[in-house]
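S.K.: I would like to see how this sequence folds:
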Amino acid sequence: MKKLVAALLFTVALGAATASAADLAPRTYSKAPVMVAPVYNWTGFYVGLNAGGAWNESNVTTSTVFAPFPFGYFAATSVPAIGTVGNQNINRSGFTGGATAGYNWQISNAVLGVETDFNYFGIRGSSTGTALYPCCAPSTFTVNSSESTDWLWTLRGRAGFLATPALLLYGTGGLAVADVKASYLFTDTFGPARESAAISTTRYGWTAGAGGEYALMNGWSIKAEYLYVDLGRASATSTNLVTPTAFPSNVFTHTVNLRSNIGRVGINYKFGGPVVAKY
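M.R.: Numbers count the residues shown, from 1 in each chain. Below you'll find the predicted structure:
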């Protein structure tokens, strides 16, 4: 009996010693892979759609020159009066929208690119001014002007930085091209006299602006953008003043200068490798 008790005590002591040794030994654990959220890769070709509003500012002018009688119709004081009334502003707003295509290069946190778009730009407006002839009241003269555009094309560079991996803030600028049409009509109650002219031209100007673009899943992104467009000044002359007698010596000059502020939003799809996944 004593031998049995002694054997049991020895076994318990040996188990306790073994457990203590195991507690002192270093433990190893298997590590599960840690996944890092995918990082958007901005490099690549993209296409998209945009829509927004345009606020056009057009300065249209009508002026003429003095020619002495019997070659000219106007008194000397009438010429500056016509120029004052003919200096008109046409401010109109409307819808703009179209298609976009471009390519980006991402270099670390910087993004460089080139972008082009072709947009509907159908904004029209008109203006009318009437005044007394300084020489010949109560006779009056009237100048009517109108201006319109149908489309706008831009080709721009883009340069920006990543505020976050998914948010691009950028500036943009480059070439702007649009069709510009204007028409003019001069009439009076003295002759009565009448003169008309028209401008229809493709204007080349410049554009600059800024925007932000946010990357979504699977290559999609959304953007908001502001552009300022200046298409410069176009002009035309006419010698068709009639009373009904013709007075070609009273040459008329007409001009139009179109500027626009554009605010728009868009959605783009980038082809090829929308994300770089890191684990």
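
S.K.: can you tell me the closest non-neighbouring residue to S93?
M.R.: Once flanking residues are discounted, S93 sits nearest to W55: 4.6 Å by Cβ to Cβ, 6 or more residues apart in numbering. All C-beta atoms are positioned from the backbone trio N, CA, C, and that covers glycine.

S.K.: partners of that neighbour in the sheet?
M.R.: Counting by DSSP bridges, W55 is bridged to S93, N261.

S.K.: in the protein, spot the strand with the most residues.
M.R.: Ranked by residue count and defined by DSSP state E, the top strand of the chain is strand 140-164.

S.K.: can you check the pLDDT for the residue positioned nearest the centre of the chain?
M.R.: By Cα atoms, centre = their mean, the chain has its centre lying nearest to L227, at 3.2 Å. In this model, L227 is scored at 98, pLDDT.

S.K.: which parts of the stretch 1-150 of the chain are strands?
M.R.: Applying DSSP state E, counting those that start in this stretch to the stretch 1-150 of the chain gives strands spanning 36-40, 44-64, 88-107, 110-132, 140-164.

S.K.: so what does the third one touch, helix or strand wise?
M.R.: When you say that, I think you mean strand 88-107. Helices and strands touching strand 88-107, by 3 or more Cβ pairs under 8 Å, 6 or more residues apart in numbering; DSSP states H and E, are strand 44-64, strand 110-132, strand 140-164, strand 252-270.

S.K.: tell me which strands the longest one pairs with, and in which orientation.
M.R.: Yep, that's strand 140-164 we're talking about. Its sheet considered, strand 140-164 pairs with strand 110-132 (antiparallel), strand 167-188 (antiparallel) by DSSP bridges.

S.K.: what angle separates the helix or strand that the shortest one is followed by from strand 88-107?
M.R.: Beyond strand 167-188 in the direction of the C-terminus, DSSP states H and E gives the next helix or strand as strand 194-215. Taking axes from the mean of the first three to the mean of the last three Cα atoms, to 10 degrees, one finds that strand 194-215 is oriented at 30 degrees with respect to strand 88-107.

S.K.: show the subsequent helix or strand relative to strand 194-215.
M.R.: Downstream of strand 194-215, the first helix or strand assigned by DSSP H and E is strand 220-238.

S.K.: CA atoms only for that following strand, dumped as PDB, please.
M.R.: Presented in PDB, the C-alpha positions along strand 220-238 are these (Å, rounded to 0.1, in the frame of the first residue of the first chain):
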ATOM      1  CA  TRP A 220     -15.900  54.100 -62.700                       C
ATOM      2  CA  SER A 221     -15.400  57.700 -61.500                       C
ATOM      3  CA  ILE A 222     -17.600  60.800 -61.000                       C
ATOM      4  CA  LYS A 223     -16.400  64.400 -61.400                       C
ATOM      5  CA  ALA A 224     -17.500  68.000 -61.000                       C
ATOM      6  CA  GLU A 225     -15.800  70.700 -63.100                       C
ATOM      7  CA  TYR A 226     -15.700  74.500 -63.900                       C
ATOM      8  CA  LEU A 227     -14.500  75.900 -67.200                       C
ATOM      9  CA  TYR A 228     -14.100  79.400 -68.500                       C
ATOM     10  CA  VAL A 229     -14.200  79.800 -72.300                       C
ATOM     11  CA  ASP A 230     -13.100  82.800 -74.300                       C
ATOM     12  CA  LEU A 231     -13.600  82.600 -78.100                       C
ATOM     13  CA  GLY A 232     -12.300  86.000 -78.900                       C
ATOM     14  CA  ARG A 233     -13.900  88.600 -81.300                       C
ATOM     15  CA  ALA A 234     -15.200  88.100 -84.900                       C
ATOM     16  CA  SER A 235     -16.300  90.900 -87.200                       C
ATOM     17  CA  ALA A 236     -18.000  91.700 -90.400                       C
ATOM     18  CA  THR A 237     -18.600  94.900 -92.500                       C
ATOM     19  CA  SER A 238     -21.400  95.900 -94.800                       C
END
